[in-house]
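Peer 1: Predicted coordinates and the sequence they were generated for:
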Amino acid sequence: MTTIHIIDSWADLLGGITLSDCRNVTDPSCVGGVANVAAFARHLTRSGASVTDSPSGGTAEDIEEPYIVTPRLDRYSPFVQMHPLGWSVNRLIFVEVLQWKFFISSPALLYLSSTARGSTNGSSTISTNSSLMSDLQTDELPFLLTNVAVPPENDWYPYTKAIYFDETTHLAFLSVADSDEPLNAPQIESATGALNYIARLNKESDCDAFVDDGGGTAVALGSSWDNRTCWIPVVAFGDSENRWNNFLLAMTALENPPSLIMDIEGHDARFFTPQKYNQTWVSSYKMNSTTYRQQSIVLAEDSRTIVSVTATAIPLNELPDEFKDNIYTSHVTRMYELGQEAANKDPIVGTSTFMPIARIDQYRRCMGGECEIGNLFTDALRWYSSADVAFVSSGGLRGQGWPEGVVQMSNLWESLPFPNTLCSGTMTGVSLFKLFNYSTSVANFEVKETVSGGQLLQVSGARLRYNTKLPQGASRMVRLEIWDKNANQYAPVQRLQLYKFATDNFLCETNIPYPELLGQNFYIDGEVPGVVRDDLHQNIVADYLTQLNTTYQATIEGRLINDTTVLDAMNLVQIEGGCGQGTYWVFTQQSCKVCPNTDQVYFGKKELEFASESGSSKPVEGRFEILNNAGFPVSVGPRSFPFWVTLTVFLCNGTIPIDPIPAGVTRVLQSGEKLTVGLSISSEQLEAGTAVATGSFSVVDGGSFPGCIGNEISFDILVRVDPSRELNQIGGIRWVGWSLFMVLVFSAMFFYTWVCQHERIAVVRAMHRLFLNTVCLGIVVLGSVLIPVGFDDGAFSENICNSACASIPWISAAGLSTIFAAMYRKLGSIVGKNEDAREFRGRRVVLTFAVFFGLNASILVPWSILAPLHWDRTPLVQEEWKSYGRCSTSDTSSLAFVVMAGVLNVSGFVLICRLAYKAQQIQDRRDQFDQAKSISLALYSWIQLAVVGIPVLSLISAETTRARYFMIVALIFALCISMLLSLFIPMQMQKTMQSVRTLSLGSRFLSSFRSR
């Protein structure tokens, strides 16, 4: 396996804070810098090395492993700003001193072209750096930035790379940085294109093919570690947190994902220890200028696959003495020489009167109140950005001051030794008050180092009066004035007036809680959060002094005044709960506003009436109107409505649709306009009866904002809710009827099978197999009426129910005709001319069935055409919510067809009963099996069931659907099963008796035979 390393460096070029620091390797002022980075890299990239290793204690195998350094361009340090080479001194150090290969930086560098860059006001200091920009633009030190589209006319076009291919580590390095800069391209698309390009190069080099070297080791075909054309893609992500997750998900889902992603902004705690995410290793850490960062990558035998990633983080000021070798000594010496070159180039930027000491030992002049150096630095910011007010924190201001006379660039860097840049925005008077009120409330106003002394703000364009006798931590501001450029005097701050402010990036981004006070908590319309720019504060002050063309007067002007005579602190802050009577809260102005008179805004109707059904899912809809005759625009919006009312449609002047207005939100209604609102009422949760409720709209405030009186309009909503519909449907009991039908089917099949198995016994031959099977068939057909009888609109559509109703007469007629035909032919064969009871012909049965069914059809056909049965739901009188369904017809002629069909089938039944009586008289004398008696028993059972069942059925009211259905099912089942049992049970008994007689006869025969 092979190990390679990536070293990230955001270190300053010099090892000390000032230009005179870090004279040699033993100087304690050497606290960092690129020399320390290089020393750590040389020693921590040896195989098996650690921070405690001695450089002389290695072995033959303790060799230096390949590594690459990714340094950030130093743009703002005093050293870079003052060195004759300007920014180009980075190239001198990176390339000639350290042999580093490329650099990274903000994309803002791209639009600082060599022909148009530097200060807006043409500072000679910045122009000098700009004129030497071309020395930084070289092929030997390219600017690495992947997500950028550099136009050909830009000076950086030939010197910018999207990918850096490192021959030493075989890493293909990508850098994704701030996406909000003007020349940036979409980061995901840019990185995807670069990764696909790397994958294509690897494919062209056949990097996915491997051979065995004979020792069991897989080696990339056609390549080795010393001669390698396969690249390992690595991405450094340096963008905002809200873009990180999308970027990570997109990269790891690619067909050609990167092998390693380094989140150098430290957005994701999951990867503070490097972890594998899908097929990609991810490491997350926050880069800074004081920490050495190293990612050690272990590669598999194929020299492409990452096996593990280890992160190392060490403070730069903890460089072990063992690492301070000859190379380190030479680097420190060279850096000090370059620092002196910068110190010797110390341009005069202006003149001023005597500038007092700002900081020495424990003395902190600016923390005690207004200070001269604070006035200078804030005046410069206000001038440069054309702001109304400027301010900086007292904690950053220091230095020994300077005598009356010339001011050099080093004086400015000593006064503010931090590379702070401009931050500007827009804020209201109330936000300015919050800012200065916090500053004066927490400050100690002591000229010595204290915990919160640095929070005091030095100001320009404002005059603050405060009372230090008021408790610290409480409000101390008693008066706040802003310089009026037109009147050329201070004027009291106005709560909602917009003021442009200027400060530095330290207050806007870092010094808590000022970032909140300078934009994060802006709510008022027109306020613009502070935006950080690249303009260096020291250069701005230099420009300011240069353009004065006179001597700057370093004086105390009375900008910060301690007025102990005023005991009541001022307060411009209003809160929602503090709005008084007759006012309402406006969030976007953070103010309490006076409620207007809106008596002429009213509803077109004071009462709306609706009718609905309890539990109904179908909403009831209606509309109402709000008219504005107040003579001025008002804001109206829903305030209070019952839970069962939903506002659905909003129309302006009755025709123009507008967006829905949710509760608590208002819409402007111009004078003379009307707002039409549609509403929907849901009665599912309302009880039967009449529901009365009130709906209200707010007008401007309508009571929705505490403190306002009246100004709420309302109307009454009356809803008559009928009880929920009772459909009286059959429900699950229909399965009882269908189950009983299956019982009939199985019974008929059983008896049919029994007949087939015993067709040779005397009783079956006497009854005749065809007769018995025909009766079984008729019973099944007649019993199938139970199926359509169980249909209703609770489980089936109305069309299906109509078809079921129409089928009932036909099924009944077919079943009865089949049974009657079998009975008639059977009984006729017994009675007619004393024929043999066994004489039974199928042709005659079919003919008889045809006659019976034909007579029925002659009635059913016109009935089905003229007045067919259909499904009908009938409401109960005086209880309209109750109804029942049944098969009926609206045509009065249907009764005539019912009577005719009834007379026909009853007549046929009577005819068969008469034949049964005659047959019984005949068979009593000549047939030992009593065929006629069994048939008569079946017929008489039908008569008994009809005599009992029909009156009971007539007593059951139609609305008691389930009871009526159960009675019908029971009657039909009883008729069918009684027919089967009356015929077949006696036959079974006859069969059993015949078997017993045969057994007895055999026994007597055997007994007589033995006696002989």
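Peer 2: Thanks, I have it. Numbering: from 1, shown residues only.
Peer 1: who's in contact with the nearest residue to residue 560 once chain neighbours are set aside?
Peer 2: Distances taken as C-beta to C-beta, 6 or more residues apart in numbering put residue 370 closest to residue 560, at 4.0 Å, once the chain neighbours are dropped. Every residue, glycine included, has its C-beta placed from N, CA and C. Contacts for residue 370 (C-beta atoms under 8 Å, 6 or more residues apart in numbering) come out as 458, 556-560.
Peer 1: What about the residues you listed, which are in strands?
Peer 2: Cross-referencing the contacts of residue 370 against strands under DSSP state E gives 458, 560.
Peer 1: got the contact list for whichever strand or helix holds residue 884?
Peer 2: Secondary structure from DSSP states H and E places residue 884 in strand 879-888. Contacts to strand 879-888, defined as C-beta under 8 Å, 6+ apart, come from residues 613, 722-729, 792-793, 801, 804-805, 808, 869-876, 894, 958-959, 961.
Peer 1: could you flag which of the contacts of residue 370 are buried?
Peer 2: Buried members of those, counted by 16 or more other C-beta atoms under 10 Å: 458, 559-560.
Peer 1: nearest to residue 449, of these?
Peer 2: The shortest gap between residue 449 and any of these belongs to residue 458, at 16.8 Å (C-beta to C-beta).
Peer 1: Kindly state the beta-bridge partners for the closest one.
Peer 2: Beta-bridge pairing of residue 458 under DSSP bridges involves residue 392.
Peer 1: For residue 879, see how far away it is.
Peer 2: 87 Å (C-beta to C-beta, to the nearest Å).
Peer 1: what comes up buried for stretch 15-23?
Peer 2: Buried-residue list, stretch 15-23, by 16+ other C-beta under 10 Å: 15-19, 21-23.
Peer 1: Let me fix that, I meant to ask about stretch 931-942.
Peer 2: For stretch 931-942, burial by neighbour count (16+ other C-beta under 10 Å) applies to 931-939, 941-942.
Peer 1: Ramachandran coordinates for residue 507?
Peer 2: Torsion angles at residue 507 (phi, psi; degrees, to the nearest 10) stand at phi -70, psi -40.
Peer 1: Give me the neighbour count for it.
Peer 2: 22 (other C-beta atoms under 10 Å).
Peer 1: That one touches residue 423, doesn't it?
Peer 2: Yes: using C-beta atoms under 8 Å, residue 507 is in contact with residue 423, at 6.8 Å.
Peer 1: Give the residues shared as contacts by these two.
Peer 2: Joint contacts of residue 507 and residue 423 (C-beta under 8 Å, 6+ apart) are 518, 530.
Peer 1: rewinding a little: show the buried residues in the contacts of strand 879-888.
Peer 2: Buried members of the contacts of strand 879-888, scored by 16+ other C-beta under 10 Å, are 613, 722, 724, 727-729, 792, 801, 804-805, 808, 869-873, 894, 959, 961.
Peer 1: What about these, which are in strands?
Peer 2: The strands, defined by DSSP E, take in 613, 722, 870-873 from the buried ones among the contacts of strand 879-888.
Peer 1: Quick one: list the elements packing against the helix or strand harbouring residue 951.
Peer 2: Secondary structure from DSSP H and E places residue 951 in helix 931-955. Counting contacts by 3 or more C-beta pairs under 8 Å, 6 or more residues apart in numbering; DSSP states H and E, helix 931-955 is packed against helix 762-767, helix 798-831, helix 893-926, helix 961-1011.
Peer 1: Test my guess that residue 561 contacts residue 462.
Peer 2: No: Residue 561 lies out of contact with residue 462 (C-beta under 8 Å); the separation is 11.2 Å.
Peer 1: three-state assignment of the nearest residue to residue 75 once chain neighbours are set aside?
Peer 2: Leaving aside its sequence neighbours, residue 75 sits nearest to residue 87 (C-beta to C-beta, 6+ apart; 6.1 Å). Judged by DSSP: H, G, I helix; E, B strand; the rest coil, the three-state class of residue 87 is helix.
Peer 1: roughly how far apart are residue 87 and residue 414?
Peer 2: 22 Å.
Peer 1: how does the chain divide into domains?
Peer 2: The chain is divided into the following domains under automatic domain parsing: 2-340, 348-562, 599-722, 731-871+883-908+961-998.
Peer 1: what's the most buried one of those domains?
Peer 2: Highest mean neighbour count among the domains of the chain (mean count of other C-beta atoms under 10 Å): domain 348-562, with a mean of 19.
Peer 1: Look up how far residue 570 lies from the closest residue to residue 566 other than its chain neighbours.
Peer 2: The shortest distance from residue 566 to any non-neighbouring residue, by C-beta to C-beta, 6+ apart, is to residue 478 (4.1 Å). Relative to residue 570, residue 478 is positioned 6 Å away (C-beta to C-beta).
Peer 1: Which parts of the stretch 1-150 of the chain are strands?
Peer 2: For the stretch 1-150 of the chain, the strands defined by DSSP state E, counting those that start in this stretch cover 2-9, 67-71, 143-144.
Peer 1: So for residue 601, which of these sits nearest?
Peer 2: Nearest to residue 601 among the strands of the stretch 1-150 of the chain is strand 143-144; the distance by C-beta to C-beta comes to 64.3 Å.
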